[in-house]
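> Kindly return the folded structure for what I paste below:
(chains A and B)
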Amino acid sequence: MRWTRKLRLRVRSVIRSNRVEQELDEELRYHRDHLIEDYIAAGMPAEDARRAALREMGGIEQQKEYCRDVRGVALLDSLGKDAKYALRALRKSPGFSAVAILSLALGIGANTTIFTFVNAVLLRPLPYPSSDRLVILREQPRGSEGTVSVHPVNFVEWRARSRSFEALALVQTPPLNVMGSNGAEQIARIQTTSELFRVFGVGRMLGREFTEEETRPGSDNVVILGHGFWQRWFGGDPGVLGRRLAVPDGSLTIIGVAPRGLRIGLTEPDAYTPLSINSANPGAIGSRSFECYGRMKPGVSLDTVRAEMTVIASALERQYPLDKGMGVFVSGLHGYIVREGRPALRLLMAVVATVLIIACVNLAGLLTARGIARRGEFAVRSSLGASRSRLVRQLVIESLVLSSFGGAAGLAVAYVATRILVSLTAGALTVGTTQPIRLDAICLFFTLAVSTVTALAFGLAPAWQASRVDPQMALRERTRGASADRRQHRLRSMLVVTEVALAVVLLVGAGLLLRTFSSLVRVNLGFQPADTITMGLFLLRPPEARIALVDQILERVEAVPGVTAASTTQFLPLSGMNCATGFWLEGQTSGGDGQPAGDADCLLVSRGYFDVLRIPVLEGRAFDGRDRMDTSPVVMVNASFARRYFPDGRTLGRRIRVHSAKEPLAEIIGIVGDVRHNQLTSEPVPTVFQLHAQRPGYIMSLIVRTAGDASTQAAAIRHAIQEVDRTQAVSGVKTVEQYLGDALSRPRLYAALVTCFAVIAATLAAIGLYGLIAYVVTQRTHEIGIRLALGAARGKVFLDLFGHGARLVIAGLVVGVVAAVGLRGVASTLLFGVTPVDPLTYLMAAAVFSAVAFAAVMIPARRASLVEPITALRYE
Amino acid sequence: MSKPTDLVQGTLDLLILRVVALEPVHGWAIAQRIRQMSNEQLRVGQSALYPALHKLEQQGWIEAEWAPSENNRRAKYYRLTKAGRKALKAEAAQWERLSAAISLVMKPA
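Model prediction:
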């Protein structure tokens, strides 16, 4: 009970301090009155009694002070007072406060914004139980950095031989056509072996998972619905179990519904169907086109798994010819998903940290100047008994108050900026995250931490400096010429040079990214992206019927008014997908497994493909109606292929085998121009084109050139397709220009962000320069007045000061350029079409910054030259 | 503010506790009582008394209450708490031991 009472007392002392003060007053007054009464009773006259009592009581204020000390809440009390005093001081210099808070708001706001993305993408774990145990396994050709998808034979062997996994699953994601009320619709589907839900730690779900039985051929016509699809298609009806889902060639029994929001990798599937692997011949379902996910057993580390899989891979290499030269790649799932976004995010965090450093350096400079100006005040306080630590504490609290306001404003900035960025980037920064990007508690905590650290960083040193007062010296009116001043000035100048250097580095970076973006926009694609529209097709007919279907579809679509040409292709340009293969020359040993003569990308297209994309046919002819299943196989190649493999120029008429040495020979009938198919930034690759009419595939995209705006024709084209086959669904309607836009979105975003931050940094550095020179002018006003009065030319005064500032600017530029050159390796992966030490960019950055900086120096210098000698001399 | 030099601070606490133990009493009366009980030997000025009173109050050994005094004015009356009673016993015992020890040393050889 006692300590609650004590606590209550202390709290009361703080909160109701006025009341407590009054009571103390009253108590002491009572005592004094009693004393007076006593004296009067003892015979002293009233006046004397009063005076004697007062004398004995001493100063009441001192009593109260002592009592207050004893009350033991002095610390809290004085902190509160310091804060109030700080607020008052800040209010008194609104210009300084505004600049300081604005700089901090920008710096802290930028950091919080980028941190929000970093948190969502890199820091937040995947939303599965024990997500650090999730791994992805892929195959990796020995000696190569890249990885390829998994072959089912290997999956079966891994599952049998490995001891490290709790569960291992193989998945593929071919879309599924389902029959709805408006005809066929294509939905996102995952085909998986039975352990998928165990890998991802899925808990309770409606219905059940696949059994081992159901992943054998023959008993696999079951389906588990995705939660969103269940809502959309069946209205969330729990009685859906046991019902059937209609597909074009039959129906699937629904045995379960996945939990809400479950994503596999990055996609939320609409349906899950079993992947049946024939254990006698696993390769029957396909070759290297599957993904493998696993959950490690508890206590097993990634290194252990890697070691085990390396051993298994070596054993498999010896056993299976198809595994020759292939190793296994194991990575934590989270790390694999974010691998693309990680370097860019790290770079952005470095950039915004730099901006914040510049802001803090500015503030340190400003506070130092203020400290010097307030020396008189500190001298008085010091002589009144304030200890040095008390003064430092006062100044640090001022910094904390400033940075709290800056932090709060920064939060507001970050909130707005995050919303804007999220809506603008549409996945460019957020690849690899499925969770919404927003300011959450961690970001708030981050802001708080950053604010506090910056306050201490820029507040402590100036506070230490300012509190070093010799009261005598400081009370003198003029404070020029002291060596301590010169030292401080040198320190401040160095800080300003650092700011300038940092700003220059950022400007160079921004310039390089801008030039990268403009190079990408102007890059020669090799095809015409305008006025083309695409949609995905998934054919369910047997191979022979597919050719007829495609022919009919192309015919109907080309008949649509507004359509110029139509064709199909296996992979769309700039969609990020392609297929690589080897080819064999005519003279090579046929049969057996001789090494291919070379590598090339391969693309399966229908006739008219090059027409639609306006890819020029350089030699020979394109595929046309003559080439059918029963005529001799033909292929086309691109110019890179011809150049690389047939440098003697005689390409047409040569015959090659594509995909395997057992394939029939195909004649090269034409050469087309190079196209940037895979990525904007990668050079065209030797490519072989095969004709769909001769090798009917079932996954493709329809690509159509229209006379006018392509997106308006989408509905008409769909309609045409449905006229041919009501059960044929389309998916992913998108124009090629949109794919191009997607490919450009990341470089555009990086360029925009870094430019924005660089501009902020340059502005802050210019403000720092301005502040320093203006301060010098103020300190030297008196001296300038004397010089002018003695006949010095105004121009000379101006040049002197300008020269002082210009020297700082030039020093900063030099340091900045050197630093930028030193850092050239950092962002080289993000650059295209420009080297990291591109002279033009450096020149532009230096020029832009110089313009701003010299203006910032000129203004106070000019003000100095306009000083009236009389006023200056009168100014004490 | 300088501390009283005539009395060690701790001893003053002991005296106050002793006085307050008898009955609830206000500051002025405490000073009077101490003077009386010590045969005018010990005069406690208010500069020493009130800080000591506030400290004891913060420590929870005495508690205060405002009440009308003998001349019908409001005064702050202090009263011993249970903890204070225990503290008084402890401090008194300590004082006994200390003063006995000093006397032993000061006895003529």
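> What is the longest helix of chain A by residue count?
helix A:736-789 (DSSP state H).
> Need the mean per-residue confidence for that helix.
In this model, helix A:736-789 has a mean pLDDT of 86.
> Centre of the chain to it, how far?
Using Cα atoms, centre = their mean, to the nearest Å, the mean C-alpha position of helix A:736-789 is found 23 Å from that of the whole chain.
> Now do it: which elements does it pack against?
Judged by 3 or more Cβ pairs under 8 Å, 6 or more residues apart in numbering or on different chains; DSSP states H and E, helix A:736-789 is in contact with helix A:94-118, helix A:341-373, helix A:388-425, helix A:483-522, strand A:532-538, helix A:794-822, helix A:839-865, helix A:869-874. Any C-beta I mention is one placed from the backbone N, CA and C, and that applies to glycine too.
> Could you point out the helix or strand that follows the helix or strand of chain B with the lowest mean pLDDT?
Between all helices and strands in chain B, the lowest mean by mean pLDDT, DSSP states H and E belongs to helix B:46-59, at a mean of 83. Where DSSP states H and E defines the elements, the next helix or strand beyond helix B:46-59 is strand B:62-68.
> mind listing what's buried in that following strand?
The neighbour-count check on strand B:62-68 (16 or more other Cβ atoms under 10 Å in any protein chain shown) flags B:62-64 as buried.
> near chain A, which residues of chain B show up?
Proximity of chain B to chain A, by Cβ under 8 Å from any Cβ of the partner chain, involves residues B:1, B:26-28, B:31, B:45-47, B:50-51, B:54-55, B:57-60, B:63, B:66, B:69, B:73-76, B:81, B:83.
> what's around residue A:732, how many residues?
Burial of residue A:732 is recorded as 13 neighbouring residues (other Cβ atoms under 10 Å in any protein chain shown).
> Quick one: residues contacting it.
Each residue near residue A:732 by Cβ atoms under 8 Å, 6 or more residues apart in numbering or on different chains is listed here: A:534-536, A:701.
> tell me which of the residues you listed is nearest to residue A:352?
Closest approach to residue A:352 among the contacts of residue A:732 (Cβ to Cβ): residue A:534, at 37.9 Å.
> What score does residue A:658 have for pLDDT?
pLDDT, residue A:658: 86.
> Please read the previous query as pertaining to residue A:164.
Predicted confidence (pLDDT) for residue A:164: 90.
> Tell me where chain B has helices.
Applying DSSP H to chain B gives helices spanning B:9-22, B:27-37, B:46-59, B:82-106.
> Could you list which residues are in contact with the residue nearest the centre of chain B?
With distances taken as Cα atoms, centre = their mean, residue B:16 lies nearest the centre of chain B, 1.3 Å away. Counting by Cβ under 8 Å, 6+ apart, residue B:16 makes contact with B:30, B:34, B:49, B:52-53, B:56, B:62.
> what do you get for residue B:85?
Going by Cβ under 8 Å, 6+ apart, residue B:85 touches residue B:21.
> quick one on the thing from earlier: buried subset of the residues of chain B next to chain A as a PyMOL selection?
Buried members of the residues of chain B next to chain A, defined by 16+ other Cβ under 10 Å, are picked up in PyMOL with:
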select buried, chain B and resi 26+27+28+31+46+47+50+51+54+55+57+58+59+60+63+69+75+76+81+83
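> What's the end-to-end length of stretch A:86-105?
19 Å (Cα to Cα, to the nearest Å).
> Run through who's touching that stretch.
So stretch A:86-105 is contacted by A:359, A:362-363, A:366, A:370, A:394, A:397-398, A:401-403, A:405-407, A:409-410, A:412-413, A:451, A:454, A:764, A:767 (Cβ under 8 Å, 6+ apart).
> Next one: the residue nearest to residue A:403 when sequence neighbours are not counted from chain B, what distance?
Setting aside the residues directly before and after it, residue A:403 is nearest to residue A:455 in space (Cβ to Cβ, 6 or more residues apart in numbering or on different chains), at 3.7 Å. Using Cβ to the nearest Cβ, to the nearest Å, residue A:455 is found at 33 Å from chain B.
> my read: residue A:455 touches residue A:400, true?
Yes: the criterion here is Cβ atoms under 8 Å, and residue A:455 meets it with residue A:400 at 4.6 Å.
> neighbours of whichever residue of the stretch 301-450 of chain A sits closest to chain B, just the number please.
Closest contact between the stretch 301-450 of chain A and chain B, by Cβ to the nearest Cβ, is at residue A:385 (12.1 Å). Residues near residue A:385, counting by other Cβ under 10 Å, number 7.
> helix, strand or coil for it?
coil (DSSP: H, G, I helix; E, B strand; the rest coil).
> mind checking pLDDT for it?
Residue A:385 is given a pLDDT of 75.
> returning to what we had before: the residue nearest to residue A:403: which element?
Assigned by DSSP H and E, residue A:455 belongs to helix A:441-466.
> I'd like the distance from that helix to the chain centre, please.
Averaging C-alpha positions (Cα atoms, centre = their mean) puts helix A:441-466 24 Å from its chain's average.
> That helix versus helix A:341-373: what angle between them?
Orientation check (axes from the mean of the first three to the mean of the last three Cα atoms, to 10 degrees): helix A:441-466 against helix A:341-373 gives 30 degrees.
> List the buried residues for helix A:441-466?
Using 16+ other Cβ under 10 Å as the test for burial, helix A:441-466 gives A:443, A:446-447, A:450-451, A:454-455, A:457-463, A:465-466.
> which ones are touching residue A:495?
With contact set as Cβ under 8 Å, 6+ apart, residue A:495 has these partners: A:361, A:364-365, A:768.
> got it, and residue B:66?
A:23, B:74-77.
> Alright, that wraps it up for me.
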